[in-house]
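J.: how does the following fold in three dimensions:
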Amino acid sequence: SVRVRGNPATLAARLPVIAADVDTRLQVREARPLDEWVRRRDMSLIVTVGAQVAVTALVWFLSALGIFSLMSVSVSRRTREIGLRAALGANPRHVIGGIVSRAIALMATGITAGGVLLLWGVALAGPTGRPAEDVAQFAVWLALTSAVMLGAGVLACLEPARRALRINPVEALREA
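T.: Below is the predicted model of the structure:
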């Protein structure tokens with residue numbers, strides 16, 4: 001690298017000749033200002049990070065969508081039970097609270113088991129070889145992923161449960 005005053009393009013144009021005068025084996029293939037070189041290098045890194053963020057967001061979205069679908073179907077299958085409880089006089093808040101608490105317990109169990117296995121695997125053979133740093137970094141990602149998945153699961157329980165609570169109690173008793 002060379003620091004110049006004024007326009008660096010004039011030196012860049014003369015640099016191959018100057019280098020050849022110093023040593024004939026010395027070749028200058030490309031000469032450009034340092035800020036342009038840094039910008040090109042950083043653009044490559046920005047594109048790489050952007051692609052990684054996009055893939056991570058897609059994986060989160062598809063995972064949350066899968067959990068949302070599974071939880072929504074499982075609550076929808078309990079429509080008769082929910083309608084029957086409402087017909088027998090159960091408080092709607094308690095019914096929804098029971099459904100959501102079961103869903104959270106089920107998801108928390110899966111997150112805990114998966115998290116323990118993930119962190120154990122990272123501690124044994126992490127990407128950097130420094131277990132303390134690897135576990136800390138993966139623990140942050142695990143917490144973020146867990147929050148997204150728990151949010152998707154809770155949202156998936158609410159609407160089918162509300163819909164089931166709006167069923168006419170007489171119809172729920174007939175179908176039971």
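J.: where does pLDDT dip in the protein?
T.: Where the chain drops to pLDDT under 70, the residues are 1, 172-173, 175-176.
J.: relative to its centroid, which residue of it is most remote?
T.: residue 21 (55.7 Å; C-alpha atoms, centre = their mean).
J.: who's in contact with that residue?
T.: Not one residue lies near residue 21 by C-beta atoms under 8 Å, 6 or more residues apart in numbering. Any C-beta I mention is one placed from the backbone N, CA and C, and that applies to glycine too.
J.: name the SS class of it, please.
T.: At residue 21 the chain is in helix, as set by DSSP: H, G, I helix; E, B strand; the rest coil.
J.: quick check: it vs residue 14, distance?
T.: Distance of residue 21 to residue 14, computed by C-beta to C-beta, to the nearest Å: 10 Å.
J.: any idea how far the closest residue to residue 11 other than its chain neighbours lies from residue 59?
T.: The shortest distance from residue 11 to any non-neighbouring residue, by C-beta to C-beta, 6 or more residues apart in numbering, is to residue 4 (5.2 Å). Distance, residue 4 to residue 59, using C-beta to C-beta: 48 Å.
J.: cool, and residue 146?
T.: In terms of C-beta to C-beta, residue 146 sits 14 Å off from residue 59.
J.: so between the two, which is more surrounded?
T.: Neighbours were counted for residue 146 and for residue 59 using other C-beta atoms under 10 Å; residue 146 has more, 17 against 11.
J.: list the contacts for the more buried one?
T.: 111, 115.
J.: go ahead and list the helix or strand containing it.
T.: Element membership for residue 146 (DSSP states H and E) is helix 131-165.
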